[in-house]
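*Asks:* sequence first, then the predicted structure, then my questions.
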Amino acid sequence: MRVCLIEPPKYVSLSNFVSTIAMPPIGTAYIAAVIEQAGHELTVIDAHGLGLTHYFNYKKMRVRGLDPDQIVARVPPDSQAIALGSMFSAHWPVIRAIFRGLREKFPQALLILGGEHGTGFPEFSLEQSPLDVVVLGEGEETIVELLEIHEHSQDFSSVSGIAYRDRDDIHINPRRKRIKNIDDLPLPAWHHFPIEDYLQVNQPHGAAQGRFMPMLATRGCPFSCTFCTSPNMWTNLWIPRDPAIVVDEMELYIRRHKVTDFQFEDLTAIVRKDWIESFCQEIIDRKLKITFQLPSGTRSEVIDYELALKMKAAGCHDFAFAPESGDERILKAIKKEAHLPDVFKAAEEAMKAGISVGCFFIIGFPEEDWRSVWKTYKAIVKCAWMGFANANINAYSPQPNSESFRELVKNGVIKDLDDDYFMSLYSFQDFGRIKKSYNPKFPNMVLTFLVFFGAFIFYVVYFVRRPQRIWHLIRDLFSRKTENKTTKVAKAMLGDMKRILSQKFRKY
């Protein structure tokens, strides 16, 4: 079967740290690998990677990459199935436009959506667009079976893990069980993606420590935070890969792409101490001269000084913890199984071993009050005083079909899933936009100020406590490498500004 797989373009804003990330899309690359392994004729259109220095305006947003018309024009005319992955629901308005363009040009093709957005809103996605099928959750086994069934019939009733349209009816099939033998999956099919373009732009998720590649060492997360989409997308099953196979993959990228830095995008990489020790020992035994990072954050429970030393010896340069709140009452309410003294202790041990540590906080949870915000500010100041290298202070946002989202819908706080809602899911990380508040104690402008002030107090203490960091920032602005995520974000924002100001914007 002739299949086209699309990675969509991404929003960009000079005041949003997410805009400073331009990473080869590992989820799409895994799906490409299984489609190719199944024997299908595959075309991949990485609309983000193919347009890293090009921008267009869509409604209220600036978008980086190929626009919907350019994407549709690149799809092979004989495509029988066209699939697109959507990790973030904020991008749904532009993705919907892509699907509408695809349906107009390819009326007979099977249109498929996968990823976090479709898993959270399957019925909605099918109702709002000309989609045929939504893949729910982990996609490798599902997409292969779906394409096989489509090749021989149009009856999708037996395919687990999908929602689909049958004339005017929408059906949601039972979810597929998680893949247990993830070591048997083929490696990401990176030969379909413009890796060198990503490397030249040099905007990894974590600090820029050299030629980088994203990787996954584990899948899933065993926790059930109410604000997170992971329980719906991945369930609560955490599955690690064989450490030796992970390091084999690292060595492959060292040979093939001259990679020196690995950005592990795992939801929760460090759960079992024995696993991370084995992984680090594998790197040490092979004498690999590399760095690796955990920019998405990880857990603190198993990290002590001994383990941190081994991680540092293996090349670990940077990771982050996610306290989320400085109020134990809020942590309990959001089911964040973290104890703040333990988080601070683990961070202290990691920093003593020479690892750069960052932190994530969220302000504006529906359960919060002014006392909670004050306690969070105290925790933010403590992080800066202790020596945390960066802080990500966000406004609360109700992510699709998370437990917290469902509670807000039940209580009538969220009524309409319009484009303003979806685009607000991007603005919650944007310091240049007004936050949408879902807490009656904090109006939109107040919440916006609270988030801004949280970041302000962290970085005041960050620089006052260690003034040499000002020199480090200036030095990193003129180097290919950056010391930590703070300096990487500043450098990347300047790069984005230069590219954006040097061109006229296309309007879609």
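*Replies:* Structure's in. What do you need?

*Asks:* could I get the full set of strands for the stretch 101-250 of the chain?
*Replies:* For the stretch 101-250 of the chain, the strands identified by DSSP state E, counting those that start in this stretch occupy 110-114, 133-135, 162-166, 169-172, 212-215, 218-219, 239-240, in order along the chain.

*Asks:* so which of the ones you listed is nearest Arg256?
*Replies:* Between Arg256 and the strands of the stretch 101-250 of the chain, the tightest spacing by CB to CB is seen for strand 212-215, at 9.4 Å. C-betas here are computed from N, CA, C, even on glycine.

*Asks:* with only the CA atoms kept, save the closest one in PDB.
*Replies:* Coordinates of the C-alpha atoms in strand 212-215 are reproduced here as PDB (Å, rounded to 0.1, in the frame of the first residue of the first chain):
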ATOM      1  CA  PHE A 212      22.200  15.700  19.200                       C
ATOM      2  CA  MET A 213      19.600  13.100  18.700                       C
ATOM      3  CA  PRO A 214      16.300  12.400  20.600                       C
ATOM      4  CA  MET A 215      15.900   8.900  22.100                       C
END
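
*Asks:* I would like the residues contacting that strand, please.
*Replies:* The set of residues external to strand 212-215 that reach it, using CB atoms under 8 Å, 6 or more residues apart in numbering, is 23-24, 26, 190, 195, 199, 204-205, 246, 249-250, 253, 257, 259-265.

*Asks:* ok, back up a step: pipe the strands of the stretch 101-250 of the chain into CSV and attach distance to Ala333, mean pLDDT and mean neighbour count per row.
*Replies:* What follows is those, written out as CSV (distance: least, CB to CB, whole Å; pLDDT from 0 to 100; neighbours: other CB atoms under 10 Å):
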stretch, distance to Ala333, mean pLDDT, mean neighbour count
strand 110-114, 32, 98, 25
strand 133-135, 31, 98, 27
strand 162-166, 31, 95, 21
strand 169-172, 30, 96, 12
strand 212-215, 33, 98, 23
strand 218-219, 27, 97, 21
strand 239-240, 28, 97, 18
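
*Asks:* circling back: only the buried subset of the contacts of strand 212-215, as a ChimeraX command please.
*Replies:* One line in ChimeraX is enough to select the buried members of the contacts of strand 212-215, burial here meaning 16 or more other CB atoms under 10 Å:
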select :23,24,26,190,195,199,204,205,246,249,250,253,257,259,260,261,262,263,264,265
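
*Asks:* pipe the strands of the stretch 101-250 of the chain into CSV and attach distance to Asp327 per row.
*Replies:* Formatted as CSV, the entries for the strands of the stretch 101-250 of the chain read as follows, by distance: least, CB to CB, whole Å:
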stretch, distance to Asp327
strand 110-114, 37
strand 133-135, 37
strand 162-166, 38
strand 169-172, 37
strand 212-215, 34
strand 218-219, 29
strand 239-240, 32
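
*Asks:* burial measure for Pro186, as a count.
*Replies:* Counted with other CB atoms under 10 Å, the neighbours of Pro186 add up to 14.

*Asks:* again, but for the one 3 residues further on
*Replies:* With neighbours defined by other CB under 10 Å, the count for Ala189 comes to 20.

*Asks:* per-residue confidence for it?
*Replies:* At Ala189 the predicted local confidence, pLDDT, stands at 98.

*Asks:* low-scoring stretches of the stretch 401-508 of the chain, by residue?
*Replies:* Scanning the stretch 401-508 of the chain for pLDDT under 70 picks out the ranges 504-508.

*Asks:* fine by me, we can end here.
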